[in-house]
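Visitor: please find the sequence and the predicted model below.
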Amino acid sequence: VQGLEAMGYITGVIDDRGKFIYISVAEMDAVADFINKRGRISISALAAESNKLIDLNSKVIAADAALAEEDADAILETATERAASANPSHTSECQ
C-alpha cells in the first residue's frame, strides 16, 4: 500500500487499527475547502467534518489496486532489466 501511495496511484491514511482508508481527490478537496472556509479549527472539529466528508465504507477498489500493483511490478521488472543490461558483469555475479 505504501508503494502504491508513494507512486501516486492511491491516497489515504492509516487509522488507529492499522487499516488503510482510501481518500479520493474530491474528498480531500472537500476537507481542504472546509478548512479554508473555517480558518483555524480544532482537531475534533476537523475529525467530525472529515467523518461527514470522507466515505468510510468499503469500496470496490481491489481491481484498481491490483492493476496498480501489476503496473508497479512491471516498472520494477523493467528497472531491474535495465540495470542488468547496463552492468552485465554484476548480473553474472548474482547468478
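Guide: Cool, got the structure.

Visitor: for this protein, name the helix or strand with the lowest mean pLDDT.
Guide: One helix or strand of the chain scores below all others by mean pLDDT, DSSP states H and E: helix 88-94, with a mean of 51.

Visitor: and the strands in this structure, which stretches?
Guide: 12-14, 20-22 (DSSP state E).

Visitor: and those strands, which is most packed in?
Guide: strand 20-22 (a mean of 16; mean count of other C-beta atoms under 10 Å). Using the backbone N, CA and C atoms, a C-beta is placed for each residue, glycine as well.

Visitor: rewinding a little: got the strands of the chain as TSV, with distance to residue 55 columns?
Guide: Converted to TSV, those look like this (distance: least, C-beta to C-beta, whole Å):
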stretch	distance to residue 55
strand 12-14	11
strand 20-22	9
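
Visitor: in TSV: those strands, plus mean pLDDT and distance to residue 28.
Guide: TSV is the format used below for the strands of the chain (pLDDT from 0 to 100; distance: least, C-beta to C-beta, whole Å):
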stretch	mean pLDDT	distance to residue 28
strand 12-14	84	10
strand 20-22	84	11
